[in-house]
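In: sequence plus the predicted model coming up.
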Protein chains: 2
Amino acid sequence: MLQACPLRLKPTVARWREAMSQSVLREVLALADREGVLSFAIGLPAGEFFPAAELGAAATRLLHADRRALQYGVPSFPLKQQIVELMALRGVSCRPEEIFLTTGAQQGMDLLSRLLVERGSPVILERVVYDGMQMAVKKLAPEILTVPTDPATGIDVDAVEEILEAGADHAFLYLITDGHNPLGVSVSREKRVQLADLARRHHLPIIEDDAYGFLFFEETAPPVRALDAEWILYLGSFSKILAPALRAGWVVVPEPLTAILSALKHSVDLDTPSFTHHVISEYLRSGALSEHLAVVRCEYRRRRDVLCAALSRQLADIARWSQPAGGMFLWLELPSSIDTAAGIATAIERFQVAFSPGRAFSVTGDDHARSCIRLAFANLAPDEIEEGVDRLARYVRWALH
Amino acid sequence: MLQACPLRLKPTVARWREAMSQSVLREVLALADREGVLSFAIGLPAGEFFPAAELGAAATRLLHADRRALQYGVPSFPLKQQIVELMALRGVSCRPEEIFLTTGAQQGMDLLSRLLVERGSPVILERVVYDGMQMAVKKLAPEILTVPTDPATGIDVDAVEEILEAGADHAFLYLITDGHNPLGVSVSREKRVQLADLARRHHLPIIEDDAYGFLFFEETAPPVRALDAEWILYLGSFSKILAPALRAGWVVVPEPLTAILSALKHSVDLDTPSFTHHVISEYLRSGALSEHLAVVRCEYRRRRDVLCAALSRQLADIARWSQPAGGMFLWLELPSSIDTAAGIATAIERFQVAFSPGRAFSVTGDDHARSCIRLAFANLAPDEIEEGVDRLARYVRWALH
C-alpha cells in the first residue's frame, strides 16, 4: 500500500512502518472479531456490566449544571481527591498533589518512559510482559534487559537484584503486581517488600502498573507503592473498573514530577479529556462504584472458576496453568511442539476459537512463550467459556498430531 | 521542589525539567485567571455557545442504545464519514479511509512530528507560530529553520522556496493557513497555490493546521490540502467548532500513513477516546452543527469588529494590527521599546488586563515579537472587549513612560 504514497520516499516513514508492523496481536484482533468465533484474544472488560445509564445520567447532570465541563481546563481536582480515596482502598496513602491524570494508563506508560529512558540506562522488563508497554518503550530504542518470570510466582526478584548488583544506572523496572498481563499472577508479599527495598537501595524507579488491582478475587498484599512513595511510580486506570472508552487513568508520583509530566503531556495532547473526567467524578460522587466493583469481582471470579474447571476437564493431561488471584487473564502453557502464533489462524478458521499467542508478549520473541497462549476470560459468559475451552482443546489436540 | 524528590538524581529527569520549564504562556495562564482580570490571554472558544444540552442528550441517547460506546473499539467509521462531509464544506475532497481520528489536533501534531522528524532533516517553521506545535517539535530536538511571516500577509513563501532551492531533505513545513495562531492572518490564494507547488516539486510534507478554518468571517480560499492530496497532511479539530474538552481532532493523510499512525497512537494512548467521538457523531447526525457554526461565526465576527473599533479609538497612534478574516486571534505590534513578556505581570496586577506576550510564540525568542502581544477575542463579551482594550491602552501608555 505504501508504494502508492509519495511519503514512502522519506526514510523515517519507512522505518516507523517497519518498527510498528510487528504486533502479532493487532493481526489477531482483526481475525477474532468474526461472527461465530469465541474470542479469548483481547483483554476486554465485560461490557454488560458497564454502568451505562448511570454514566449517561451523570453526563446530563453535569452539562445542565456547568458548561465549563466542555471548556479547556485544569485537571479535575475533585477527581484527584476521589482517586486518593480509591488508593486508600488499595492500601496506598497519597495526596491529590501526587496524582496526575492521564488519557488512560497507556499514556502514563508512554509519558513515564519518555521521562526516564535515556541512552546508556537499560530498561528492565520481565521476559513476558504487556505488549503495549513494550511498544511504549521500544520506540525509544533503549537497551532492554530481561528477567525470568513465572505464571505461578511472577517476576524473579533475585534476577533483578543480580542485574542491579552488577552496577550501572537503570532507567526503570516495569512491573504488574496484581493480575499480571499476560501471566495472571499476583506476586507474594515477600517479593513486594524485596522490590521496594531494591528500588530504594539502588535508586531504581519502578513503574508499577496496577490496572487490574481492584479486580481481586482473593486477598493479596497492597501494591509496592504502599511500601515506598519515592521510587515507585504507580499507574492506575478506570478502563477495567468502569469503562475503557472514557480514556481515564492516573499516575501517583512524587509531587515534583507532576509539573514535568504536565508540560510533557501538554506537548502531546494539550489537555486532559476533561469532559469524561468530569463525568467519572460525577459518577463517583453517587457512591455507586463500590457496589459496581463488588458485582464485577464476583462475576469475574465466577468466570475464572468456570475457566479453570473446564481446563481441568479438557487439558489437564497436556497443559499447565496457574489459577489467577485477580484480573482478567490466564496463561496456558501447551506442549513445546506447538507454535501458537503459527496456529492462531487455524484455531480461528477451523475451530472458531481465538486467543493471544504467547509470542505477542515475549520481549525477545524467541523463548518458551511461543508454545503458550493468553486467555482473556472477562468478556465471555460462563457457557461461552465452557464452549470456548472445548474448541480450544480440539485445536490443541489437532496441533499435536 | 525537585530537591525533595530522589528522582532528581536521574539526569534525564533534570533535562526534561529544564526543557519543559520555559513556556511563558503557562505562567500567564496561572495569573490571568484571577477574579476581576479581563483576559485576552488564552485561546478559549466562547463557552456560552457550547451546545451543552444537545451533547448531553446525544450522550444519553447513545448510552441507551448501545453499551459498546464504552468499550475498547476501532475508531468510529460513521464519524469519519461525517468528517468527509465537513471537509467538503472546506472545499476538500477526501475519503473516510484517509481520515485518522486523534485525541485533539495537538495529538496530530505530536504523531506527525514523531513520524517525520529525523536527524539531518530540518523542520521549517514561521518565526512566530503556535507554541504548542513548537513544544511538539522541539522535544524531538531537530534542526529548525525559520522563515519570516507577517500579520497582514502571512508566511513568506519566497523564503521557503529559497530554503528548498538550497537543497537538502526537510522533515516538514508547519502552516496555519486560516486564522493563524497567533497572527490572525489568512494567507492569499496565490500563496496557497505556490505552497502546493513547492511541496510537490521538492517532496516537502506540509502539516496544514486548519483548526480555525471553519471560523471564517469573510470568504477565503480553500486549504492547501484542496490543491494537493499527497504532500499536504491536514489537521482538523472539533475543539474550536464544538467543544475542547471532548478532545476530538482528525488528520487527513494519504491512506497508507493511517496504519502507521494507528500503531504509533496505540503505543501512546492505546485507543481513541471513542465515547466522546461517538457522542460527537450522534450530535452531528442531528444536523445541528451548521446552525451552531453560523451563530459562532456571526458572534466572533462581531467581537472582532468591536475589538478593531476599540483599538482604533485607543491605540491607532502607537500600535499596528491587521484585521483577521477568521479565527480567534489578533496580533498587536506595540512600540519596540516595550517588552511585553516583562510587562505582563504589571498589566495584570496594576491594570487588570491579561494577554499573551509575543515572545511566547517566537521560535528563537529574541526577535521583533518581544514588543507584540496576541489578543484572543473569542471568549469575551463585546462590552468586556471594550473595557479590556481601555485597560490595555492604559497599560501601554504606562509602559511607554
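Out: Yes, it's here. Residues are numbered from 1 along each chain as shown, chains lettered A, B, ... in the order given.

In: buried set for stretch A:335-347?
Out: A:338, A:340-341, A:343-344, A:347 (16 or more other CB atoms under 10 Å in any protein chain shown). Every C-beta, even on glycine, is put in place using the N, C-alpha and C of the backbone.

In: in helices, which of the residues you listed fall?
Out: When the buried residues of stretch A:335-347 are checked against helices (DSSP state H), the matches are A:340-341, A:343-344, A:347.

In: identify the bridge partners of A:Y174.
Out: Beta-bridge partners for A:Y174, by DSSP bridges, are A:I207.

In: which parts of the stretch 201-350 of chain A sit against chain B?
Out: A:203, A:205, A:230-231, A:239, A:243-247, A:254-257, A:259-260, A:263-264, A:266-271, A:273-276, A:278 (CB under 8 Å from any CB of the partner chain).

In: which stretches of the stretch 151-300 of chain A form strands?
Out: For the stretch 151-300 of chain A, the strands defined by DSSP state E, counting those that start in this stretch cover A:172-175, A:206-209, A:232-237, A:249-252.

In: can I get the last one in PDB, CA atoms only?
Out: Right, strand A:249-252. In PDB, the C-alpha atoms belonging to strand A:249-252 read as follows (Å, rounded to 0.1, in the frame of the first residue of the first chain):
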ATOM      1  CA  GLY A 249      -6.100   6.800  34.000                       C
ATOM      2  CA  TRP A 250      -3.800   8.300  36.600                       C
ATOM      3  CA  VAL A 251      -0.300   8.100  37.900                       C
ATOM      4  CA  VAL A 252       0.800   8.500  41.500                       C
END
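
In: any low-confidence regions in chain A?
Out: A:1-10, A:18-29 (pLDDT under 70).

In: which strands and helices sit next to the lengthiest helix in it?
Out: Counting residues, the longest helix found in chain A (DSSP H) is helix A:289-315. Applying 3 or more CB pairs under 8 Å, 6 or more residues apart in numbering or on different chains; DSSP states H and E, one finds that helix A:289-315 contacts strand A:329-333, helix A:382-400.

In: residues contacting the nearest residue to A:V295 once chain neighbours are set aside?
Out: Leaving aside its sequence neighbours, A:V295 sits nearest to A:F49 (CB to CB, 6 or more residues apart in numbering or on different chains; 6.2 Å). By CB atoms under 8 Å, 6 or more residues apart in numbering or on different chains, the contact list for A:F49 reads A:292, A:295-296, A:299.

In: just put the strands of the stretch 151-300 of chain A in a markdown table and tack on mean neighbour count and distance to A:I163.
Out: What follows is the strands of the stretch 151-300 of chain A, written out as a markdown table (neighbours: other CB atoms under 10 Å in any protein chain shown; distance: least, CB to CB, whole Å):
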| stretch | mean neighbour count | distance to A:I163 |
| --- | --- | --- |
| strand A:172-175 | 26 | 9 |
| strand A:206-209 | 26 | 13 |
| strand A:232-237 | 27 | 18 |
| strand A:249-252 | 24 | 24 |
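
In: wasn't A:A378 part of a strand?
Out: No: membership of A:A378 in a strand is not supported by DSSP: H, G, I helix; E, B strand; the rest coil, which gives coil.

In: measure the nearest residue to it once chain neighbours are set aside to A:F49 for me?
Out: With sequence-adjacent residues excluded and distances taken as CB to CB, 6+ apart, A:A378 is closest to A:M328, at 4.0 Å. In this view, A:M328 and A:F49 are 13 Å apart by CB to CB, to the nearest Å.

In: for A:L145, give its distance to B:Y283.
Out: A:L145 is 49 Å from B:Y283, where distance means CB to CB.

In: of the two, who's got more company?
Out: Just comparing A:L145 and B:Y283: by other CB atoms under 10 Å in any protein chain shown the higher neighbour count belongs to B:Y283, 25 against 17.

In: hmm, that one is touching B:L289, no?
Out: Yes: look at B:Y283 against B:L289 with CB atoms under 8 Å: they come within range, at 7.3 Å.

In: shared neighbours of the two, anything?
Out: With CB under 8 Å, 6+ apart, B:Y283 and B:L289 have common neighbours B:L242.

In: how many neighbouring residues does A:A53 have?
Out: For A:A53, using other CB under 10 Å, the count is 12.

In: tell me the contacts of it?
Out: A:A53 touches B:63-64, counting by CB under 8 Å, 6+ apart.

In: quick one: secondary structure of it?
Out: helix.

In: likewise for A:L145?
Out: strand.

In: any idea how far chain B is from it?
Out: In this view, A:L145 and chain B are 17 Å apart by CB to the nearest CB, to the nearest Å.

In: what's the answer for A:K139, then?
Out: 6 Å.

In: residue contacts, the closest residue in space to that residue that isn't next to it in sequence?
Out: Among residues not flanking A:K139 along the chain, B:S267 sits closest, at 5.7 Å (CB to CB, 6+ apart). B:S267 is in contact with A:20, A:106, A:110, A:132, A:135-136, A:139, counting by CB under 8 Å, 6+ apart.

In: cool, A:S286 as well?
Out: Per CB under 8 Å, 6+ apart, neighbours of A:S286: A:54, A:58.

In: related to what we said a few turns ago, out of the ones in helices among the buried residues of stretch A:335-347, which comes closest to A:G167?
Out: A:A341 (36.5 Å; CB to CB).

In: count residues in the vicinity of the residue in the stretch 301-401 of chain A that chain B sits nearest to, would you?
Out: With CB to the nearest CB as the measure, A:N379 is the residue of the stretch 301-401 of chain A nearest to chain B, at 8.6 Å. For A:N379, the count of nearby residues is 20 (other CB under 10 Å).

In: what sits closest to A:R297 if chain neighbours are left out?
Out: A:L215 (6.1 Å).

In: for the one you found, grab phi and psi.
Out: With angles defined as degrees, to the nearest 10, A:L215 sits at phi -100, psi 50.

In: is it in contact with A:K240, as I believe?
Out: Yes: A:L215 is within contact range of A:K240, at 6.3 Å (criterion: CB under 8 Å).

In: anything in contact with each of the two?
Out: Shared contacts of A:L215 and A:K240, counting by CB under 8 Å, 6+ apart, come down to A:M328.

In: can you give me the helices in chain A?
Out: Going by DSSP H, chain A shows helices at A:11-20, A:24-32, A:52-65, A:77-89, A:105-116, A:131-138, A:157-165, A:189-202, A:255-269, A:274-285, A:289-315, A:340-351, A:382-400.

In: just name the most buried of those helices.
Out: helix A:105-116 (a mean of 26; mean count of other CB atoms under 10 Å in any protein chain shown).

In: dump that one to PDB, keeping only the CA atoms.
Out: Provided in PDB are the C-alpha atoms of helix A:105-116 (Å, rounded to 0.1, in the frame of the first residue of the first chain):
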ATOM      1  CA  ALA A 105      -3.000   4.100  31.800                       C
ATOM      2  CA  GLN A 106      -1.200   3.600  28.400                       C
ATOM      3  CA  GLN A 107      -0.400   7.400  28.300                       C
ATOM      4  CA  GLY A 108       1.100   7.000  31.800                       C
ATOM      5  CA  MET A 109       3.400   4.300  30.400                       C
ATOM      6  CA  ASP A 110       4.300   6.500  27.400                       C
ATOM      7  CA  LEU A 111       5.000   9.700  29.400                       C
ATOM      8  CA  LEU A 112       7.000   8.000  32.200                       C
ATOM      9  CA  SER A 113       9.000   6.000  29.600                       C
ATOM     10  CA  ARG A 114       9.800   9.200  27.800                       C
ATOM     11  CA  LEU A 115      10.700  10.900  31.000                       C
ATOM     12  CA  LEU A 116      13.000   8.100  32.200                       C
END
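
In: how close does the residue lying closest to A:Y283 once chain neighbours are set aside get to A:F214?
Out: Spatially, and ignoring its direct neighbours in sequence, A:Y283 is nearest to A:A58 (4.5 Å; CB to CB, 6+ apart). Between A:A58 and A:F214 the computed distance is 19 Å (CB to CB).
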